[in-house]
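Peer 1: Give me the fold of what follows.
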Amino acid sequence: MGFERLTSCLQNVDSNYDTDVFKGIFDAIQKECGCEPYTKKVGADDVSLKDMAYRVVADHIRTLTFAITDGAAPGANGRDYVLRRICRRAVRYGKEKLNAPPLFFNKLVPAVIKDFGEAYPEITKNPKRVQDIILSEEKIFTKTLTKGINEFARRTREMKKGDTIPGDVCANLLTTYGFPFDLTELMAEEKGLKVDEDGFNKAMEKHSEDSKGNTVAGEVQLKLQAEQVSMIEKMDITVTDDAAKYTWKSTGSGPTCNGILKAIYLGKVDFVQEAKEGTRCGLVLDKTNFYAEQGGQIFDIGEIKCGSGMFTVRETIVAAGYVLHVGVVKSGNISVGDKCVCDVDYARRALVAKNHTATHLLNFALRKVLKKEIEQKGSMVQPDRFRFDFGADKGTKMNQIKEVEDIVNAQINEKLPVYRHPVAIKEAKTINGLRAVFAEKYPDPVTVVSVGKDVKEILTTPDDKKWVNYSIEFCGGTHIANTQEIRKFVVVSEESTQAGTRRIVAYTNEAAEKAIAVGEKMEAEAKTLSELKDLKSVSEGILKIDANIRGGDIPLCSRARLQSVSKSMVDKKKKLMKQAGAASKTAALDQAKKLAEEAKNSGAKFVVSVLDAQGKSKVVTKALNEFVKIVQIPVLFLSEVKAGGKMTAIASVPKEKSGNFPAGSWLGEVMKVVGGKGGGRPHYAQGASKDSTKMADAIEAGKAYASGKL
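Peer 2: Numbering: from 1, shown residues only. Have a look, this model is predicted:
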């Protein structure tokens, strides 16, 4: 009998949730949601499902608190996805059944700590981390939840009980609105509807394939699944021998590989004996040297000579040990049984290998810089770049990025040899400092890749503490022979992909050198721009730097330094604008006083004039007030922000004259000319326009109207 069941017996209650184990969490839920208290109702008695929501939220916050403390986090795959579903289900129940406010769920963590911390002290060590991860996941989900619920309601509004929601609708809810399928299922069940799960899976499969960009619209997807693998096995075809993929030179050359064409696959369940020129298909050989995409490394491409025909390989995939070469018959015809010569694009693979080895160096450097175990969440190694996902509660600081780059580049400059050696998995796991991807299934024996130290030497004393100072990983990918082949390493971005997961994108080799050169050029230009002193030049300089920040393919550290320069220039601009504003205000006031004195001395009946006040209505108003202190006659001031841009106009008429000559009418005549609007009281009116190109015409219109009235 479990702990909670035993507690319910001792306390003589019907449900585990009625024990004092959950009382503290229920109290916290009521406090955060402002809802009615828990009343122990179940089934038909719980008409509003309020009590069920209490139970769901309480159970899920407890589950997440313990799981995140143990190192897990809501995410997109495996156990992480289970936690994401749990978190989102609780948030949804809180919102819909308890009318919970946004971001309430993470605030329940302290209640779990309080009730369970004494019995499970490990959950008290870093509760803020747990709460922050849940908060981050809440923020992500809250953005999509409302839109998803509204779209679900719209799509099912006309449906009757027992109807089925089409699979493509469920897929659209997920791909467009981020609305999880399990929530669609739950909401459908609550409305008495069904969902087309098979249709959903097919729609998501198509979406996934379309997203990869390996096919064009209308092409049949060529991939091996359980059904196709079973068909190949019934053809008495053995799994592909791809050991030759490791025989090559990482400088960009290697031998061809001879094999026999065993199967030609056209898609779905169609296998044929022959394919003609122009046919898109997949080839299964008995032997190959092509690397199939796996372990985060992209596939090989190249060509295969089959008999008298030539086949272009655009993609290489593997399923159940069968390697499928996907591409097009370039010339001639090919037939099952043809002798084949596999020719890999080794130059491209060499670029991939540089990036793959660099991921190992990055993994090692992150562990050193962040001073803790870094759980690798995944990677994608391509010829031009690579990305590396790892578990982290917060972003990597810029000084840490720089330190990581320095460590990786130091290992490159040390010209360290790279070793790979198959080892029995039980023995390999005894190596101190060994790195591996969590939950990844590795073969036995497993390939151990070590940078700077021979694997055979490591195995003589596997528990030696010094091995933590080396990059040692399980890996079945292709690698370079020496770190000097990488030439240069640079990080170009670091960002969050989901709660508890960060992603680094990096370049190596020529791509890194080019990015660094571009970054240095932009920084030199920014330094020159930062020395500008006049307002116009500073404003233009900021736009130039910001454009480089947005569009430049440059190192992350260069981008950060450019952002710093931009910020300092924005501060300078504000200071110059303040100075210019003060100068403009003084000039406008002096101009208004001068116009008033001239009008007073000349006996003018009115004044219409342009003020140099940068279109600022407050300055124009103060200038007008200074004018009427000197002489009390109708006055209309206009001011533009810049030539042809926005403009402001303000009119003032002494009260004794406003009856026959209202300020609003006077201003209206001016606004007609410049396409603006305005209004006000008989003695005071204000207007504005987005176009001051007809400023001169507006002045003449103002003068003409006043002359006819006064």
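
Peer 1: who does the helix or strand hosting Lys600 touch, helix- and strand-wise?
Peer 2: In this structure, Lys600 sits in helix 556-602 according to DSSP states H and E. Packing partners of helix 556-602 (3 or more Cβ pairs under 8 Å, 6 or more residues apart in numbering; DSSP states H and E): helix 398-413, strand 489-498, helix 509-529, helix 535-551, strand 607-610, helix 617-630. Backbone N, C-alpha and C define where each C-beta goes, glycine included.

Peer 1: Let's see the pLDDT reported for the spatially most central residue of the chain.
Peer 2: Among the residues of the chain, the one closest to the centroid is Thr497, at 5.3 Å (Cα atoms, centre = their mean). Per-residue confidence (pLDDT) for Thr497: 81.

Peer 1: Leaving out chain neighbours, which residue sits closest to it?
Peer 2: Arg503 (4.8 Å; Cβ to Cβ, 6 or more residues apart in numbering).

Peer 1: List the buried residues in the strand or helix carrying that neighbour.
Peer 2: Element membership for Arg503 (DSSP H and E) is strand 501-508. Of the residues in strand 501-508, 501-504, 506-508 count as buried by neighbour count, 16 or more other Cβ atoms under 10 Å.

Peer 1: just stretch 674-683 next, same as before
Peer 2: Buried, per 16+ other Cβ under 10 Å, within stretch 674-683: 674, 676, 678, 680, 682-683.

Peer 1: before we move on, what about stretch 663-673?
Peer 2: 663-671, 673.

Peer 1: And the residues you listed, which is closest to Lys709?
Peer 2: For those, the closest approach to Lys709 (Cβ to Cβ) belongs to Trp666, at 7.8 Å.

Peer 1: roughly how far apart are the closest residue to that closest one other than its chain neighbours and Tyr322?
Peer 2: Sequence neighbours aside, Ala651 is the residue nearest to Trp666 in space, at 5.1 Å (criterion: Cβ to Cβ, 6+ apart). The gap separating Ala651 from Tyr322 is 85 Å, by Cβ to Cβ, to the nearest Å.

Peer 1: confidence score at the residue nearest to Ala392 when sequence neighbours are not counted?
Peer 2: Nearest residue to Ala392 in three dimensions, chain neighbours excluded: Arg502, at 4.5 Å (Cβ to Cβ, 6+ apart). We have a pLDDT of 90 for Arg502.

Peer 1: So Arg502 is in contact with Ile401, correct?
Peer 2: No - contact criterion Cβ atoms under 8 Å: Arg502 and Ile401 do not qualify, at 11.1 Å.

Peer 1: Name the residues contacting each of these two.
Peer 2: In terms of Cβ atoms under 8 Å, 6 or more residues apart in numbering, Arg502 and Ile401 are both contacted by the residues Glu494.

Peer 1: what kind of secondary structure is the residue nearest to Trp666 in?
Peer 2: strand (DSSP: H, G, I helix; E, B strand; the rest coil).

Peer 1: Which strand residues bridge it?
Peer 2: Leu636, Ala685 (DSSP bridges).

Peer 1: Give me the distance between the residue nearest to Thr497 and Ala524.
Peer 2: Remark: distance between Arg503 and Ala524 (Cβ to Cβ) = 30 Å.

Peer 1: Could you do Met159 as well?
Peer 2: For Met159, the distance to Ala524 - Cβ to Cβ - is 63 Å.

Peer 1: ok, now Val328?
Peer 2: Val328 is 47 Å from Ala524, by Cβ to Cβ.

Peer 1: repeat for Gly278
Peer 2: Relative to Ala524, and taking Cβ to Cβ, Gly278 is found at 52 Å.

Peer 1: Buried residues, the helix or strand containing Val112. List them.
Peer 2: With secondary structure defined by DSSP H and E, Val112 is part of helix 109-116. Across helix 109-116, burial judged by 16+ other Cβ under 10 Å covers 109-113, 115-116.

Peer 1: One more: stretch 598-610?
Peer 2: Across stretch 598-610, burial judged by 16+ other Cβ under 10 Å covers 599, 604, 606-610.

Peer 1: What mean pLDDT does that stretch get?
Peer 2: Per-residue pLDDT values over stretch 598-610 give a mean of 91.

Peer 1: Can you get me the start-to-end distance on it?
Peer 2: 15 Å (Cα to Cα, to the nearest Å).

Peer 1: repeat for stretch 365-377
Peer 2: 16 Å.
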